[in-house]
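Q: Sequence isn't available, so here's the structure alone:
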């Protein structure tokens, strides 16, 4: 019932708020006689303040039209890559007709920014996105207002959030080979769960993940937000903050945690600060300080625009993150899109670098809450982990404003670039590239023989077994020891002779060098395997360096692929 009362009150206030704006303009327009009255500027400021306190704030736009990249203006086109009932994956595509700039942009890493679903819109991260666009391809999760989602689209759960993040990661991996992921505040928990589940399944995980000001372990340095969640029972939240959407919205009947209650909670945390900010705005209007008053409008247009959250998601977040601490206790189970329940195991993450960021004065996510991710991700090497504390920064300061741009972003940029470069280095271990084939392909390995004083090194020629209509399936490259001469890699296609035929040994497919070798007796022949090798012997025993293990044609684990250029669209985009 509270939501219906609130909606009625907003409907009644709307015409008066518009009237107050009109009156404010009347007292400032020099062509109007009332503007020349004594204290006209003060009266106009009063009406303007009434208008802002009474108006309804809608979702603002990102409004990023261009960014400056090393002195070159790069145009930004905002578009939706994936549209789901409760979320959009939004991309900020960059355009430039400068050849050098375009080449630089195409080689930059792709980053998925996961925005919080905690009452505000993703546009709260506008400054985050705009700053990162100078050096990265940027995507962001844009969560929808639950009151605008019809009931036929179903409910939204915390498990759905985790599954959405995994889907978006795979989308970027399909586009660029791999990506980096950044989470701000609330999504640090579901993002860590998403990457953990991917690692547990053996999927390719992001090159790096950056977590900023999130409640990974809400037991550490509890804030007012944490205290409220622990002091009240889950039944209290169900009975006091969950309401149905009024009939005037598309999502009529859906149970939600209303955004106006969340906004009230935000203001109640620092009432003196907000009261002083509005009084300063009034004085700026009276003085005619347009720059300061406009800055106030921009901030509160964003801050006052809030969205509703589905009741299932909200209550599950409180229960999982703030009451039972399931992530840190190792008891969190997530149901995937196929209906299978999986345990979240952050210790399974081994190939994703981790960076955590905290604000020294953060009053929402206390000190140590985000850094707790390092203890959970024990599988990540220490040299792949980093923690940074922004001195003098509050919660919003770590992702927006001067401290974000001057202190936090340079650290984040360097961390992402460092691990993007590492991903592009040539691997030391043998690399197996597997191509699709109707049947399992045979593999040949090349052996390196250590040279002896009485016998020259044996150089084995490449063995090739071909079968019509089947192209090469597997290429094996091994690292040659320093003491041995290089051995050509063997390229083997689908064998023409069945593996079970022992007669293959009677007719070897591999020829040797002029060095005499011992003939293989038919009686000693072993059943032919899918691996073709050359058995070489010398008049005297010669100690040989053990050859690398034979690579079979099973699915190979390919190292993370470096971020590649975005070739989608015309040549002037990235």
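A: Received it, and whenever you're ready, just let me know what you need. The structure presented is a predicted model; accordingly, all values stated were derived computationally and were not measured. Residues are numbered from 1 along each chain as shown.
Q: give the contact list for residue 372.
A: Residue 372 makes contacts with 216-217, 220, 328, as judged by Cβ atoms under 8 Å, 6 or more residues apart in numbering. Where C-beta positions appear, they are placed from N, C-alpha and C, glycine not excepted.
Q: neighbours around residue 201, how many?
A: Look at residue 201: counted by other Cβ atoms under 10 Å, it has 12 neighbours.
Q: Quick check: closest non-adjacent residue to it.
A: Once flanking residues are discounted, residue 201 sits nearest to residue 342: 8.0 Å by Cβ to Cβ, 6 or more residues apart in numbering.
Q: likewise residue 305?
A: Of all residues not flanking residue 305 in the chain, residue 57 sits nearest, at 4.3 Å (Cβ to Cβ, 6+ apart).
Q: The one you found touches residue 304, doesn't it?
A: Yes: here residue 57 reaches residue 304: they are 4.1 Å apart, a contact under Cβ atoms under 8 Å.
Q: quick one, which of those two is more surrounded?
A: Using other Cβ under 10 Å, the more surrounded residue of residue 57 and residue 304 is residue 304, with 20 against 15.
Q: Identify the residues contacting that one.
A: 57, 263.
Q: what's the spacing between it and residue 23?
A: According to Cβ to Cβ, to the nearest Å, residue 304 and residue 23 sit 21 Å apart.
Q: what's the answer for residue 169, then?
A: Residue 169 is 52 Å from residue 23, by Cβ to Cβ.
Q: Compare neighbour counts for the two and give me the winner.
A: Neighbours per residue (other Cβ under 10 Å) separate residue 169 from residue 23, with residue 169 holding more: 24 against 18.
Q: Contacts for the helix or strand where that one lies next, please.
A: Element membership of residue 169 [criterion: DSSP states H and E] is helix 158-176. Helix 158-176 has contacts (Cβ under 8 Å, 6+ apart) with 81-82, 84, 86-87, 89, 110, 112, 114, 117, 137, 139, 141, 178-179, 181, 187, 190-191, 193-195, 197-198, 204, 206, 312-313, 316-317, 320, 334-337, 563-564, 566, 568.
Q: Would you mind checking the average pLDDT for that helix?
A: Helix 158-176 carries an average pLDDT of 97.
Q: buried sites along that helix?
A: Within helix 158-176, the residues scored as buried using 16 or more other Cβ atoms under 10 Å are 158-166, 168-169, 171-173, 175-176.
Q: now stretch 295-315
A: By 16+ other Cβ under 10 Å, the buried positions in stretch 295-315 come out as 296, 300, 302-315.
Q: ditto for stretch 365-372
A: For stretch 365-372, the neighbour count (16+ other Cβ under 10 Å) marks 365-366, 369-372 as buried.
Q: pLDDT of it, averaged?
A: The predicted model gives stretch 365-372 an average pLDDT of 96.
Q: Can you give the distance of that stretch from its chain's centre?
A: How far stretch 365-372 lies from its chain's middle: 20 Å, per Cα atoms, centre = their mean, to the nearest Å.
Q: Between the two ends of that stretch, what distance do you get?
A: Stretch 365-372 has an end-to-end distance of 12 Å (Cα to Cα, to the nearest Å).
Q: how many neighbours does the residue nearest to residue 54 when sequence neighbours are not counted have?
A: The spatial neighbour of residue 54 that comes closest, neighbours along the chain excluded (Cβ to Cβ, 6+ apart), is residue 17 at 3.7 Å. Per other Cβ under 10 Å, the neighbour tally for residue 17 reads 16.
Q: Pull up the per-residue confidence for residue 17.
A: Residue 17 carries a pLDDT value of 94.
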